[in-house]
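S.K.: Okay, sequence plus prediction incoming.
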Amino acid sequence: QLQACGGGLAQPGGSLRLSCVVSGTTVNYNGVGWFREAPGKDREAVACISPRYGSLKYADSVKGRFSISRDNAKNTMYLHMNNLKPEDTAVYYCAATVAIVIVTTPKLYGNWGKGTLVTVSS
(Lines give C-alpha, C1' and ligand atoms only; values in the text may rest on other atoms or scores of the structure.)
Protein backbone atom coordinates (compact mmCIF):
# COMPACT_ATOMS: atom_id res chain seq x y z
CA GLN A 1 0.00 0.00 0.00
CA LEU A 2 0.90 3.60 -0.41
CA GLN A 3 0.57 5.88 2.56
CA ALA A 4 0.01 9.57 2.13
CA CYS A 5 0.87 11.89 4.98
CA GLY A 6 1.65 15.51 5.67
CA GLY A 7 -1.78 17.03 5.58
CA GLY A 8 -3.02 19.62 8.00
CA LEU A 9 -4.44 23.09 8.28
CA ALA A 10 -3.11 25.85 6.07
CA GLN A 11 -4.18 29.41 5.46
CA PRO A 12 -5.12 30.59 2.01
CA GLY A 13 -1.91 31.37 0.17
CA GLY A 14 0.03 28.97 2.37
CA SER A 15 1.94 25.81 1.54
CA LEU A 16 2.03 22.18 2.51
CA ARG A 17 4.08 19.21 1.39
CA LEU A 18 2.53 15.78 1.22
CA SER A 19 4.59 12.60 1.20
CA CYS A 20 3.79 9.21 -0.26
CA VAL A 21 5.93 6.22 0.63
CA VAL A 22 5.87 3.47 -1.97
CA SER A 23 6.84 0.13 -0.53
CA GLY A 24 6.29 -3.58 -0.71
CA THR A 25 4.70 -5.05 -3.83
CA THR A 26 3.97 -1.62 -5.22
CA VAL A 27 7.64 -1.09 -5.97
CA ASN A 28 7.20 -2.46 -9.51
CA TYR A 29 4.75 0.23 -10.54
CA ASN A 30 4.97 2.42 -13.61
CA GLY A 31 3.28 5.53 -12.27
CA VAL A 32 2.00 7.24 -9.16
CA GLY A 33 -0.94 9.57 -8.88
CA TRP A 34 -2.05 12.08 -6.31
CA PHE A 35 -5.81 12.33 -5.98
CA ARG A 36 -8.18 14.25 -3.77
CA GLU A 37 -11.74 13.86 -2.65
CA ALA A 38 -13.69 16.79 -1.32
CA PRO A 39 -16.97 16.34 0.58
CA GLY A 40 -19.76 15.59 -1.84
CA LYS A 41 -17.45 15.38 -4.83
CA ASP A 42 -15.91 12.57 -6.82
CA ARG A 43 -12.30 11.63 -6.37
CA GLU A 44 -10.21 13.54 -8.89
CA ALA A 45 -6.65 13.36 -10.12
CA VAL A 46 -4.45 16.20 -8.96
CA ALA A 47 -1.05 15.19 -10.32
CA CYS A 48 0.17 12.03 -11.99
CA ILE A 49 3.68 10.99 -12.79
CA SER A 50 5.26 8.14 -14.67
CA PRO A 51 8.83 8.10 -13.39
CA ARG A 52 9.84 5.30 -15.69
CA TYR A 53 8.91 7.32 -18.74
CA GLY A 54 9.30 10.89 -17.55
CA SER A 55 5.66 11.83 -18.07
CA LEU A 56 3.87 14.28 -15.82
CA LYS A 57 0.35 15.70 -15.77
CA TYR A 58 -1.36 18.20 -13.48
CA ALA A 59 -5.01 19.07 -13.14
CA ASP A 60 -5.77 22.50 -14.59
CA SER A 61 -6.93 23.69 -11.17
CA VAL A 62 -3.48 23.17 -9.63
CA LYS A 63 -1.14 24.01 -12.50
CA GLY A 64 1.48 26.48 -11.43
CA ARG A 65 0.74 25.88 -7.75
CA PHE A 66 1.39 22.16 -7.17
CA SER A 67 4.40 20.12 -8.18
CA ILE A 68 5.69 16.60 -7.77
CA SER A 69 9.14 15.51 -6.77
CA ARG A 70 10.57 12.16 -5.79
CA ASP A 71 13.33 10.68 -3.70
CA ASN A 72 14.18 7.33 -5.25
CA ALA A 73 16.46 6.34 -2.40
CA LYS A 74 13.55 6.65 0.00
CA ASN A 75 10.90 5.35 -2.41
CA THR A 76 9.00 8.51 -1.61
CA MET A 77 6.98 10.84 -3.80
CA TYR A 78 6.13 14.37 -2.71
CA LEU A 79 3.34 16.75 -3.63
CA HIS A 80 4.36 20.34 -3.04
CA MET A 81 1.31 22.54 -2.69
CA ASN A 82 1.75 26.29 -2.84
CA ASN A 83 -0.65 29.22 -2.90
CA LEU A 84 -3.32 27.01 -1.39
CA LYS A 85 -6.95 27.93 -1.85
CA PRO A 86 -10.02 26.98 0.18
CA GLU A 87 -11.19 24.85 -2.75
CA ASP A 88 -8.09 22.69 -2.27
CA THR A 89 -9.63 21.39 0.94
CA ALA A 90 -10.00 17.63 0.58
CA VAL A 91 -8.65 14.26 1.61
CA TYR A 92 -5.58 13.58 -0.49
CA TYR A 93 -4.53 10.09 -1.56
CA CYS A 94 -1.70 8.57 -3.49
CA ALA A 95 -1.95 5.40 -5.51
CA ALA A 96 0.07 3.41 -8.00
CA THR A 97 -0.61 2.20 -11.50
CA VAL A 98 0.98 -0.32 -13.84
CA ALA A 99 -0.18 1.67 -16.86
CA ILE A 100 2.74 2.60 -19.09
CA VAL A 101 1.21 5.91 -20.09
CA ILE A 102 -0.09 8.72 -17.92
CA VAL A 103 -3.58 7.91 -16.71
CA THR A 104 -5.80 10.05 -14.50
CA THR A 105 -8.76 7.75 -13.96
CA PRO A 106 -8.87 6.56 -10.33
CA LYS A 107 -10.07 3.09 -11.31
CA LEU A 108 -6.80 2.49 -13.14
CA TYR A 109 -4.90 2.90 -9.89
CA GLY A 110 -4.52 0.51 -7.00
CA ASN A 111 -2.78 0.12 -3.68
CA TRP A 112 -4.80 2.96 -2.20
CA GLY A 113 -3.90 3.73 1.34
CA LYS A 114 -5.45 6.00 3.89
CA GLY A 115 -5.61 9.57 2.77
CA THR A 116 -4.45 12.68 4.53
CA LEU A 117 -6.75 15.62 5.19
CA VAL A 118 -5.80 19.05 3.89
CA THR A 119 -7.87 21.96 5.15
CA VAL A 120 -7.36 25.43 3.76
CA SER A 121 -9.06 28.03 5.86
CA SER A 122 -8.40 31.34 7.51
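M.R.: It's in. Numbering: from 1, shown residues only.

S.K.: buried set for stretch 93-108?
M.R.: 93, 94, 95, 96, 97, 99, 102, 103, 104, 106 (16 or more other Cβ atoms under 10 Å). C-betas here are computed from N, CA, C, even on glycine.

S.K.: which residues touch stretch 89-98?
M.R.: With Cβ atoms under 8 Å, 6 or more residues apart in numbering as the test, stretch 89-98 has contacts from 2-4, 7, 18, 20, 22, 26, 28-38, 41, 43, 46, 77, 79, 103, 106, 108-121.

S.K.: Could you tell me which of these count as buried?
M.R.: Among the contacts of stretch 89-98, the ones that count as buried by 16+ other Cβ under 10 Å are 2-4, 7, 18, 20, 22, 26, 29-36, 43, 46, 77, 79, 103, 106, 109, 111-113, 115-116, 118, 120.

S.K.: give me phi/psi at residue 88?
M.R.: Residue 88 adopts backbone torsions of phi -80, psi -10, taken as degrees, to the nearest 10.
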